[in-house]
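Chemist: Give the three-dimensional model of this entry:
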Amino acid sequence: MSDLFASAGMDKDAPRPLADRMRPTRLSEVVGQDHLVGPDGILTRLIGSRSLGSLIFWGPPGTGKTTVARLMAHETDLHFVQISAIFSGVADLKKVFEAARALRSTGKGTLLFVDEIHRFNRAQLDAFLPVMEDGTITLVGATTENPSFELNAALLSRARVLVFRSLDETAIQDILLRAEDITGKSLPLDDAARASLVRMADGDGRAVLTLAEEVWRSAKPDEIFDAEQLQEIIQRRAPIYDKGQEGHYNLISALHKTIRGSDPDAALYYLARMLDAGEDRLFIARRLVRMAVEDIGLADPQALVIANAAKDAFDFLGSPEGELALAQVAVYLATAPKSNAVYNAFKAATRVAKEHGSLMPPKTILNAPTKLMKQIGYGDSYRYDHDEPDAFSGQDYWPEKLGRQSFYDPVDRGFERDLRKRLDWWEKLRRERRSRGD
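Modeler: Below is the predicted model of the structure:
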């Protein structure tokens with residue numbers, strides 16, 4: 001049987017992925033996280049003090065979270081245990097905790113690394129609390145999601161959150177140079193293709209090594225790929241973007257704020273990012289309609305019309321042709337005069353309405369469809385504005401117990417400049433007629 005394995009080449013170690021072969025063996029070899037593991041990094045200081053405490057590593061994939069946890073355990077002489085929240089339950093946790101207690105009785109501590117810790121539910125997260133508090137384990141949890149939203153307050157109060165940064169181009173280039181050194185061969189890419197490969201990695205060190213392996217496997221002897229050939233060989237990695245998670249909200253926030261900030265170029269960039277990531281086009285269209293009413297309002301009443309028209313155009317044309325309509329409205333909204341006066345007025349009116357309850361409108365402006373209602377004053381002394389000078393009666397329409405309120409304050413931009421003049425004119429007439437006793 002051994003001869004059979006040997007003849008098949010299976011007596012040798014199984015080939016290991018490049019990312020695994022290149023895993024750092026010392027914290028100083030970790031790239032892109034100098035704020036954590038550099039000479040003055042937070043983790044460097046914690047390790048030096050021999051007092052780690054429990055930690056939450058938050059950052060994108062491929063930034064070194066697992067590697068750093070493993071190296072921390074080695075440098076602090078802790079037993080390293082790794083589990084994934086995707087495949088583990090409470091029963092698995094109990095076994096780990098029991099083993100950690102037994103090991104602790106011999107004087108050896110345990111660093112428990114929990115990958116994707118945000119996948120645990122509240123009950124599972126609560127199971128960590130007693131063993132964190134009594135020192136049975138040093139917990140290091142890793143997550144790509146915002147801990148403030150995904151982990152419960154009790155766990156967060158007992159752990160320090162450390163942020164892992166997406167790798168910049170320099171760090172990715174360093175990884176490629178080290179890969180070439182370890183493999184003993186240069187990447188068969190021209191300068192433009194190499195730069196394109198770095199961008200494709202999207203800040204993920206593991207991803208760029210996987211892509212590099214694909215390039216080496218695809219190249220013939222002495223072949224050098226340009227950027228266009230690289231695109232054909234490697235079907236570009238999907239951007240880091242989960243429509244149910246933080247990346248989704250980050251980009252829609254960026255799109256909204258660049259439109260509010262009147263930067264059409266930045267708005268187009270974030271719109272393109274969302275489209276490229278596969279965001280639901282009608283979700284984008286709905287948000288553009290929202291921006292039209294929230295941030296532009298009556299400074300340009302056409303903004304809402306155009307935003308709705310873009311939504312209808314996309315419905316009619318579909319993708320990709322309809323995406324140009326979304327781009328057009330994004331530019332229109334970004335370049336339109338801005339006003340949140342209606343937005344603020346509506347919030348203020350809603351607050352007053354809730355605070356003061358069901359106040360009766362003045363009887364003057366109530367209809368009187370029955371004889372009884374006429375007898376008790378409904379509609380009494382109502383003045384029909386169209387029959388008044390300037391089509392304006394100046395009557396008081398507010399509940400007596402509330403009195404006249406002011407919510408809408410137009411800005412001095414766009415169409416609202418004209419609305420301000422109208423409101424000022426009506427207020428002047430109102431004061432004049434009030435002074436005459438009209």
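
Chemist: Now R160. Nearest residue, chain neighbours left out?
Modeler: L55 (5.4 Å; CB to CB, 6 or more residues apart in numbering). All C-beta atoms are positioned from the backbone trio N, CA, C, and that covers glycine.

Chemist: how's the protein carved up into domains?
Modeler: The chain breaks down into these domains under automatic domain parsing: 33-163, 169-233, 246-335, 360-436.

Chemist: is it possible to export the ones you listed to CSV including distance to T25, mean pLDDT and mean neighbour count?
Modeler: Formatted as CSV, these follow (distance: least, CB to CB, whole Å; pLDDT from 0 to 100; neighbours: other CB atoms under 10 Å):
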stretch, distance to T25, mean pLDDT, mean neighbour count
domain 33-163, 8, 89, 17
domain 169-233, 12, 87, 16
domain 246-335, 32, 91, 18
domain 360-436, 61, 87, 13
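
Chemist: now for those domains, which one comes closest to P17?
Modeler: Nearest to P17, of all the domains of the chain, is domain 169-233, at 7.2 Å by CB to CB.

Chemist: how long is the closest one from one end to the other?
Modeler: Distance between the two ends of domain 169-233: 21 Å, counting by CA to CA, to the nearest Å.

Chemist: that older thread, and the gap between the residue nearest to R160 and L189?
Modeler: 38 Å (CB to CB, to the nearest Å).

Chemist: Ok, Y270 next?
Modeler: Per CB to CB, Y270 is found 29 Å from L189.

Chemist: And for A19?
Modeler: When A19 is compared with L189 (using CB to CB), they lie 19 Å apart.

Chemist: Would you list the phi and psi of V81?
Modeler: Torsion angles at V81 (phi, psi; degrees, to the nearest 10) stand at phi -130, psi 130.

Chemist: got it, and I47?
Modeler: phi -60, psi -40.

Chemist: so what's the backbone phi/psi at the residue lying closest to it once chain neighbours are set aside?
Modeler: Once flanking residues are discounted, I47 sits nearest to E75: 5.4 Å by CB to CB, 6+ apart. Per-residue torsions, E75: phi -80, psi -10 (degrees, to the nearest 10).

Chemist: F225 too?
Modeler: phi -90, psi 140.

Chemist: Surely it and I233 touch.
Modeler: Yes. Counting by CB atoms under 8 Å, F225 touches I233, with 6.6 Å between them.

Chemist: Overlap in contacts, those two.
Modeler: Common neighbours of F225 and I233, counting by CB atoms under 8 Å, 6 or more residues apart in numbering, are V215, S218.

Chemist: Could the C-alpha coordinates of stretch 29-36 be exported in CSV?
Modeler: In CSV, the C-alpha atoms belonging to stretch 29-36 read as follows (Å, rounded to 0.1, in the frame of the first residue of the first chain):
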residue,chain,number,x,y,z
GLU,A,29,6.3,40.1,10.3
VAL,A,30,2.6,41.2,10.3
VAL,A,31,2.1,43.9,7.7
GLY,A,32,-0.3,46.8,7.7
GLN,A,33,-1.1,46.8,11.4
ASP,A,34,1.7,48.9,12.9
HIS,A,35,-0.7,50.7,15.2
LEU,A,36,-1.3,47.3,16.9
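
Chemist: which outside residues touch the host helix or strand of V342?
Modeler: If you go by DSSP states H and E, V342 is part of helix 341-356. Here helix 341-356 makes contact (CB under 8 Å, 6+ apart) with 293-295, 297-299, 399, 401-402, 405, 407-411, 416.

Chemist: closest to A212 among those residues?
Modeler: Using CB to CB, those come closest to A212 at D295, 44.1 Å.

Chemist: didn't the closest one look like it was pressed against P337?
Modeler: No. D295 is beyond contact range of P337, at 10.2 Å (criterion: CB under 8 Å).

Chemist: Please name the residues that touch I83.
Modeler: D92, L93, V96, L112, F113, V114, D115.

Chemist: Assign a three-state SS to it, would you?
Modeler: Three-state assignment for I83 (DSSP: H, G, I helix; E, B strand; the rest coil): strand.

Chemist: That one and V140, how far apart?
Modeler: Counting by CB to CB, the gap from I83 to V140 is 11 Å.

Chemist: same deal with F80?
Modeler: In terms of CB to CB, F80 sits 10 Å off from V140.

Chemist: Quick one: list the elements packing against whichever helix or strand comes after the helix holding V342.
Modeler: Following helix 341-356 in sequence order, the next helix or strand is helix 371-375 (DSSP H and E). Counting contacts by 3 or more CB pairs under 8 Å, 6 or more residues apart in numbering; DSSP states H and E, helix 371-375 packs against no other helix or strand.

Chemist: Please list the residues outside the next helix or strand after helix 371-375 that contact it.
Modeler: Downstream of helix 371-375, the next assigned helix or strand under DSSP H and E is helix 416-436. Identification of contacts with helix 416-436 by CB under 8 Å, 6+ apart yields 297-299, 337, 339, 341, 390, 392-394, 408, 410-412.

Chemist: And for stretch 102-120?
Modeler: With CB under 8 Å, 6+ apart, stretch 102-120 has contacts from 52, 56, 65-66, 69-70, 72-73, 76-86, 88, 96, 99-100, 125, 135-145, 147, 150-151.

Chemist: My guess is the residue nearest to I47 contacts T25. True?
Modeler: No. The pair E75 / T25 is not scored as a contact, 11.0 Å apart, by CB under 8 Å.

Chemist: Need the residue closest to the centroid of this protein.
Modeler: The centroid of the chain falls nearest to N250 when counting by CA atoms, centre = their mean (2.6 Å).
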